[in-house]
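Chemist: coordinates for the following, if possible.
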Amino acid sequence: VSSKMAENLLDTNVNQEQSPKQVDSGNIQGDDQKELSPDKEISDVMSGSSVLAPEAVKSPPPQAPARPRPKKAPELPIFECKNWLIHQHYIRKEYELCKALIKEELQESQGMCEYAIYVQALIMRQEGNIQESLELFQTCSLLNPQSVENLKQVARSLFLLGKHKSAIDVYNEASKMNMKDWEIFHNLGVCYLFLKEYSKAKENLKLAVQYSRHEVSFQMLARVYLLEHDVDMALDIYKRAVEFSPENPDLLTNLGLLYLQTEQYQRAFEHLGNALTYDPVHVKAIMAAGSMMQSHGDFDVALTKYRVAAASTPESAPLWNNIAMCFFGKKKYVAAISCLKRAVYLAPFDWKVLYNLGLVHLTMQQYASAFHYLSAAINIRPKMGELYMLLAVALTHLEDEQNARRAYEQAANLDQKNPSVNLNYCIFLMNHGERKAAARQFSVFEQKLQDAKKHTSTVDQELLDMASRLGPSLHLGENMVWNQQQGAEESKPQPPSRASVSTAHTNDVAPSPEKEAPVPTAPPAELEPTAPPPPEAEAELALPTPPTHPIEDDTRRSREPAQRVALPAD
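Modeler: Below is the predicted model:
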């Protein structure tokens, strides 16, 4: 037992002084030596003699000197270390903090941080500094000339500055880097649209739809077809767009307005109803549906619809114009004038509002005010014949014969489709004793009326009544072409007179020139025929577009004051 204890102590001491490899060699050599007596071993261990270390144990080999560590690489400045913070401030619209952080970052990087310059350019564009943003985006493209996004932003700034050709050049350069970016081709189509190069616009917009279908591309493509007066293709484009996005109220509304323009009222009402189902407060759909109800004489229902739209867009001039014409259809003229005055305050250059103001003032026999608003409308829309006709009516009642005659001649030259212009002119000439000229205008009226019957099945009955009374005065007898179908039409009940609707402002789709929104017209000047008329006969003409509120013919007669209706409190 004592011998084993001595060996254990020996091993422990060797392990502390030698490496494992050296201990193994010492043990191998120690086995060859003679065995010491146990008593001597114990005495030697207790006295700390050196006999404990075997004689054959080798000293550890000298270790190689440690290699010197290489020096740490110098830390280079990282320009993008604060990009995340700049991005967070930008998406939160904390522009002041964002600009302060960008300024600090650009000072540290000596103007070499691309993302900081990019965000600064975006902020400049948001604030309306388009030229400054263009310069900053150009700096970004110099720092990273292989970035397509930088070129797209440069082209976008050029587009906002109205430099469409320069924007097209930059977009073409960007398209060489990325041949299948739908946004590039979409923007190219928009640029060509503003340059009125419709064929190239359609080509690029079709490529944009081919690479990636987006609603905005469908809408712009349909707009190009409408500018080319191709309503059928525009309808087809909107149908494809609705199939792609059936829950988009904008697409449904535009499709409904196109159906309304092509007189497909059932489909128009269905799509407008679907649009209101997905968005009950969609103003454009409400305006379109209200205009349909208004055109059919449902003024109270239309006003209910308009009340919903007024809650979200109280400063819409087309909305107040339509509300005014609802009051006009209900014969509440003062309320109509109040609403039209608000509309003209919101949109002073809207010729439809000025037109309706002139009409209402004519109805209320306020001829000077009517002349004022109709003159303003003519300055904005100088090639519309009906405006000159209404102006001539006002001038006739203001006893300005010369200018009224010139206005009638201008109206007859500009408007080649409205028969009421020639009939009004005929009445004016009859009142001044020019029977031959009046007969010529009446014959033109007959031709226009016959052409109108070919395109539409409804003709204003009051127009026909006035013509039937005017024919015998001109000694034309019963040989007028419009008398052939008059008997059948008179037997049918006529719908009540309706106020016209000016809904073109609520429709982004440009209507074709042949189918503009109907506008109300006024009755003609008084008729004083040379042939002896029956006693108490009056010549009143309601023009083709309702409503008809005839002005009494003889201005010398005593008139009852017009009944005024106060504007409702709501």
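
Chemist: which residues touch Met144?
Modeler: One thing to correct before we go on: residue 144 is Asn, not Met. Counting by Cβ atoms under 8 Å, 6 or more residues apart in numbering, Asn144 makes contact with Glu114, Asn150. Every residue, glycine included, has its C-beta placed from N, CA and C.

Chemist: how far away is it from Leu257?
Modeler: 45 Å (Cβ to Cβ, to the nearest Å).

Chemist: swap in Leu134?
Modeler: 36 Å.

Chemist: which one of those two has more residues nearby?
Modeler: A direct count of neighbours by other Cβ atoms under 10 Å for Leu134 and Leu257 places Leu257 higher, at 26 against 22.

Chemist: now Val344: phi and psi?
Modeler: phi -70, psi -20 (degrees, to the nearest 10).

Chemist: where's it relative to Thr458, distance?
Modeler: Taken as Cβ to Cβ, the span from Val344 to Thr458 is 31 Å.

Chemist: for Met292, same thing?
Modeler: To Thr458, Met292 is 16 Å away according to Cβ to Cβ.

Chemist: of the two, which one has the most company?
Modeler: Each of Met292 and Thr458 has its neighbours counted (other Cβ under 10 Å); Met292 has more, 20 against 12.

Chemist: beyond the helix or strand containing the more buried one, next helix or strand please.
Modeler: In this structure, Met292 sits in helix 283-295 according to DSSP states H and E. Next along the chain after helix 283-295, taking DSSP H and E as the criterion, comes helix 299-312.

Chemist: could you give the angle of the helix or strand following that following helix to helix 283-295?
Modeler: Where DSSP H and E defines the elements, the next helix or strand beyond helix 299-312 is helix 317-329. Here helix 317-329 runs at 20 degrees with respect to helix 283-295, directions being taken by axes from the mean of the first three to the mean of the last three Cα atoms, to 10 degrees.

Chemist: which strands and helices lie in contact with helix 317-329?
Modeler: helix 283-295, helix 299-312, helix 333-346, helix 351-363 (3 or more Cβ pairs under 8 Å, 6 or more residues apart in numbering; DSSP states H and E).

Chemist: would TSV of the ones you listed with mean pLDDT and distance to Gln450 be doable?
Modeler: Output for those, formatted as TSV (pLDDT from 0 to 100; distance: least, Cβ to Cβ, whole Å):
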stretch	mean pLDDT	distance to Gln450
helix 283-295	90	25
helix 299-312	92	33
helix 333-346	95	34
helix 351-363	95	27
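
Chemist: among those, which is the most enclosed?
Modeler: Comparing the helices and strands packed on helix 317-329 by mean neighbour count (mean count of other Cβ atoms under 10 Å), helix 351-363 ranks first with a mean of 26.

Chemist: CSV please, covering the helices and strands packed on helix 317-329 and showing distance to Gly273.
Modeler: Below are those laid out as CSV (distance: least, Cβ to Cβ, whole Å):
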stretch, distance to Gly273
helix 283-295, 7
helix 299-312, 12
helix 333-346, 26
helix 351-363, 26
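
Chemist: the ones you listed: which one's closest to Gln138?
Modeler: helix 283-295 (38.3 Å; Cβ to Cβ).

Chemist: using PDB, write out the CA atom coordinates for the closest one.
Modeler: Output of helix 283-295 as PDB, limited to C-alpha atoms (Å, rounded to 0.1, in the frame of the first residue of the first chain):
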ATOM      1  CA  VAL A 283     -68.800  60.800 -54.900                       C
ATOM      2  CA  LYS A 284     -68.300  60.100 -58.600                       C
ATOM      3  CA  ALA A 285     -70.800  57.200 -58.600                       C
ATOM      4  CA  ILE A 286     -73.300  59.200 -56.500                       C
ATOM      5  CA  MET A 287     -73.100  62.100 -58.900                       C
ATOM      6  CA  ALA A 288     -73.600  59.800 -61.900                       C
ATOM      7  CA  ALA A 289     -76.600  57.900 -60.300                       C
ATOM      8  CA  GLY A 290     -78.100  61.200 -59.200                       C
ATOM      9  CA  SER A 291     -77.800  62.700 -62.700                       C
ATOM     10  CA  MET A 292     -79.700  59.600 -64.100                       C
ATOM     11  CA  MET A 293     -82.500  60.100 -61.600                       C
ATOM     12  CA  GLN A 294     -82.500  63.800 -62.300                       C
ATOM     13  CA  SER A 295     -82.800  63.300 -66.000                       C
END
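
Chemist: who does the helix holding Met292 touch, helix- and strand-wise?
Modeler: helix 249-261, helix 265-278, helix 299-312, helix 317-329.

Chemist: what element comes up after the longest helix seen in the chain heading to the C-terminus?
Modeler: Scanning the chain for the longest helix, with DSSP state H as the assignment, gives helix 435-455. Downstream of helix 435-455, the next assigned helix or strand under DSSP H and E is helix 461-473.

Chemist: distance of the closest residue to His361 other than its chain neighbours relative to Tyr355?
Modeler: Distances taken as Cβ to Cβ, 6 or more residues apart in numbering put Ala370 closest to His361, at 3.8 Å, once the chain neighbours are dropped. Ala370 is 10 Å from Tyr355, where distance means Cβ to Cβ.

Chemist: so what's in contact with those two at the same time?
Modeler: With Cβ under 8 Å, 6+ apart, Ala370 and Tyr355 have common neighbours Leu390.

Chemist: Pro348 sits in which helix or strand?
Modeler: Pro348 belongs to no helix or strand when assigned by DSSP H and E.

Chemist: pull the number of nearby residues for it.
Modeler: When counting by other Cβ under 10 Å, one arrives at 12 neighbours for Pro348.

Chemist: could you do Ala208 as well?
Modeler: Using other Cβ under 10 Å: Ala208 sits among 25 other residues.

Chemist: and it, what does it touch?
Modeler: Contact analysis of Ala208 by Cβ under 8 Å, 6+ apart lists Trp182, Glu183, Phe185, His186, Gly189, His214, Ser217.

Chemist: name the element the fifth one belongs to?
Modeler: Spelled out, that is Gly189. Here Gly189 is assigned to helix 182-194, by DSSP H and E.

Chemist: let me see the mean pLDDT of whichever helix or strand comes after that helix.
Modeler: The helix or strand immediately downstream of helix 182-194 is helix 198-211, counting by DSSP H and E. Helix 198-211 shows a mean pLDDT of 93.

Chemist: same thing with stretch 119-134?
Modeler: Stretch 119-134 carries an average pLDDT of 93.

Chemist: start and end of it, how far apart?
Modeler: With Cα to Cα, to the nearest Å as the measure, stretch 119-134 spans 12 Å from end to end.

Chemist: what does it contact?
Modeler: Contacts of stretch 119-134 (Cβ under 8 Å, 6+ apart): 86-87, 90, 95, 98-99, 102, 136-137, 140, 153-154, 157-158, 160-161.

Chemist: tell me, how many residues neighbour Gln210?
Modeler: Neighbours of Gln210 (other Cβ under 10 Å): 12.

Chemist: residues contacting it?
Modeler: Residues near Gln210 by Cβ under 8 Å, 6+ apart: none.

Chemist: so how far is Glu197 from it?
Modeler: 20 Å.

Chemist: likewise Lys331?
Modeler: Distance of Lys331 to Glu197, given as Cβ to Cβ: 50 Å.
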